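Chemist: sequence-free structure coming up:
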């Protein structure tokens with residue numbers, strides 16, 4: 001910023017000449033004091049010195065006032081304009097990034113859904129493609145791949161300088177095959193998608209169902225239960241030893257039913273004291289996409305078992 005450099009240059013100049021100005025003012029003040037004490041008549045030399053010193057002192061202070069009043073004010077106004085323009089530019093860039101992430105996520109969901117729909121066709125006979133279904137992947141990998149445009153840019157969405165997060169989901173009744181692969185079982189719990197903060201041990205899979213928790217696990221459970229039980233976006237803080245962490249929890253709805261949560265999307269970071277006002281709505285958009293993915297994942301498992309039968 002040119003204006004910022006100019007303001008810095010002006011400040012440096014003021015700091016450098018400041019001591020000289022002070023010394024000069026002291027000298028002028030001393031001259032005025034001496035001259036005033038020596039004046040005997042208006043036509044004397046001391047009277048002339050007094051008038052001259054008063055004029056110099058007044059001129060110095062007028063110059064200081066004008067310089068301090070106008071120059072920094074103009075620079076600050078220009079800086080404010082530059083900052084406002086930069087903020088507007090960042091806001092547009094952030095919105096564009098979020099829109100791109102939403103579009104990419106929807107394309108990914110649509111791609112997996114189309115493959116699943118094709119595989120449900122009794123005339124769809126490619127065994128190789130069947131083995132590459134969405135439910136062939138681990139739940140964590142499938143969700144991460146789906147939401148990667150969102151997760152990889154989360155620090156920009158949250159306007160945070162820290163790009164390291166632990167991200168997880170709490171899911172209810174996720175269908176999976178039994179070890180014998182001949183029937184369906186259902187799993188409920190926390191699935192860790194990404195663990196930059198190395199706190200996976202604090203996110204037990206059955207954390208929300210347990211009643212014997214202590215320390216940070218109990219604090220995490222309290223935040224998640226508030227979010228799930230009240231079907232709302234929840235923000236909280238917990239400690240691991242002496243380090244503070246912030247947790248964001250957003251409910252994943254049942255498909256076509258926003259009133260009843262089917263799980264939670266969980267983000268944990270170190271620097272989440274202040275987040276953008278639209279964070280809750282952005283999370284809600286991606287959670288709706290995730291809700292559709294969960295539905296299709298379960299459908300994939302059902303289809304897989306039925307084909308074997």
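Modeler: Perfect, thanks for sending it. Fair warning: this is a prediction, and the values are worked out from it, not measured in the lab. Numbers count the residues shown, from 1 in each chain.

Chemist: tell me the secondary structure at residue 198.
Modeler: Three-state assignment for residue 198 (DSSP: H, G, I helix; E, B strand; the rest coil): coil.

Chemist: distance check, it against residue 24.
Modeler: According to CB to CB, to the nearest Å, residue 198 and residue 24 sit 62 Å apart. All C-beta spots, glycine's among them, are computed from the backbone N, C-alpha and C.

Chemist: where does the protein have low pLDDT?
Modeler: Along the chain, the model assigns pLDDT under 70 to residues 1-11, 42-43, 67-97, 99-137, 177-182, 306-309.

Chemist: which stretches of it form strands?
Modeler: For the chain, applying DSSP state E gives strands covering 166-177, 184-195, 234-240, 243-254, 257-269.

Chemist: partner strands of the shortest one and their direction?
Modeler: Translated: strand 234-240. strand 243-254 (antiparallel) (DSSP bridges).

Chemist: and the angle for the strand it pairs with with strand 257-269?
Modeler: On the basis of axes from the mean of the first three to the mean of the last three CA atoms, to 10 degrees, strand 243-254 is oriented at 160 degrees to strand 257-269.

Chemist: residues of strand 243-254 that come out buried?
Modeler: Judged by neighbour count (16 or more other CB atoms under 10 Å), strand 243-254 contains these buried residues: 245, 246, 247, 248, 249, 250, 251, 252, 253, 254.

Chemist: got the angle for it vs strand 166-177?
Modeler: Using the same axes, to 10 degrees: strand 243-254 against strand 166-177 is 40 degrees.

Chemist: so who does the closest residue to residue 200 other than its chain neighbours touch?
Modeler: Distance criterion CB to CB, 6 or more residues apart in numbering; nearest residue to residue 200, sequence neighbours excluded, is residue 192 at 5.3 Å. For residue 192, the contact set (CB atoms under 8 Å, 6 or more residues apart in numbering) comprises 140, 166, 167, 168, 200, 203.

Chemist: just the closest of those residues to residue 295, please.
Modeler: Compare each of these with residue 295 using CB to CB and the shortest gap goes to residue 140, at 17.7 Å.

Chemist: check contacts around the closest one.
Modeler: Going by CB under 8 Å, 6+ apart, residue 140 touches 191, 192, 193.

Chemist: can you tell me how far the second one is from residue 236?
Modeler: Read it as residue 192. From residue 192 across to residue 236, the span is 18 Å (CB to CB).

Chemist: for the buried residues of strand 243-254, give me a markdown table that also has distance to residue 209.
Modeler: Output for the buried residues of strand 243-254, formatted as a markdown table (distance: CB to CB, whole Å):
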| residue | distance to residue 209 |
| --- | --- |
| 245 | 22 |
| 246 | 24 |
| 247 | 18 |
| 248 | 21 |
| 249 | 16 |
| 250 | 20 |
| 251 | 17 |
| 252 | 17 |
| 253 | 21 |
| 254 | 19 |
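
Chemist: looking at the residues you listed, which is nearest residue 146?
Modeler: Residue 146 lies nearest to residue 252 out of the buried residues of strand 243-254, by CB to CB, at 12.4 Å.

Chemist: identify the residues contacting the residue lying closest to the closest one once chain neighbours are set aside.
Modeler: Using CB to CB, 6+ apart and skipping residues adjacent in sequence, the residue nearest residue 252 is residue 263, 4.0 Å away. By CB under 8 Å, 6+ apart, the contact set of residue 263 is 169, 170, 171, 172, 251, 252, 294.
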